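**Student:** what would the 3D arrangement of this be:
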Amino acid sequence: MTTEPGEAFEDAALVLDQALAGDTAAVAGTLAAVVKRAGDEGVYQVARCLAGALAGDGLRPGGWSLDFPNIDDAAYDARWVARFVSAYVNNDESTGAALFGAAKADGKLRECLLTLAGSTAATLRYRGR
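**Tutor:** Now for the predicted structure:
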């Protein structure tokens, strides 16, 4: 199964709207619906859209080093989000896919995606959007 780029953006926009409204159950439901409709690839594309929204516009190409103090002491989902966003901003698709696969294998993907949605919503709120 594949997802069209427009579908991923629409799904991510809906997830963000729900996250901004603080409706975690709706976010989880939307992500589950994406899995049912488009499989893991569809959810992966939604996660990339969320990472892009969190990172923001205007990133210059090149290697980025993101500073997350004490990241190794953070909860699994927080470490995952930091590393997934880092992979996104560095255009490191293989690392992003590996992180996605590892979270799925560890049974933590749902939790990681909910944290990514919440972190993206919090970042957008901070930026005043």
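
**Student:** any buried residues in stretch 90-105, and which?
**Tutor:** By 16 or more other C-beta atoms under 10 Å, the buried positions in stretch 90-105 come out as 90, 92, 96, 99-100, 103. For glycine as for every other residue, the C-beta is placed from the backbone atoms N, C-alpha and C.

**Student:** return the member of these nearest to residue 69.
**Tutor:** Proximity of these to residue 69 (C-beta to C-beta) peaks at residue 90, which lies at 19.0 Å.

**Student:** list just the nearest of the buried residues of stretch 90-105 to residue 36.
**Tutor:** Among the buried residues of stretch 90-105, and counting by C-beta to C-beta, the member closest to residue 36 is residue 100, at 17.4 Å.

**Student:** mean confidence (pLDDT) on the helix or strand hosting that closest one, please.
**Tutor:** Assigned by DSSP states H and E, residue 100 belongs to helix 93-105. For helix 93-105, mean pLDDT rounds to 97.

**Student:** could you find the closest non-adjacent residue to residue 31?
**Tutor:** residue 113 (5.6 Å; C-beta to C-beta, 6 or more residues apart in numbering).

**Student:** great, nothing more from me.
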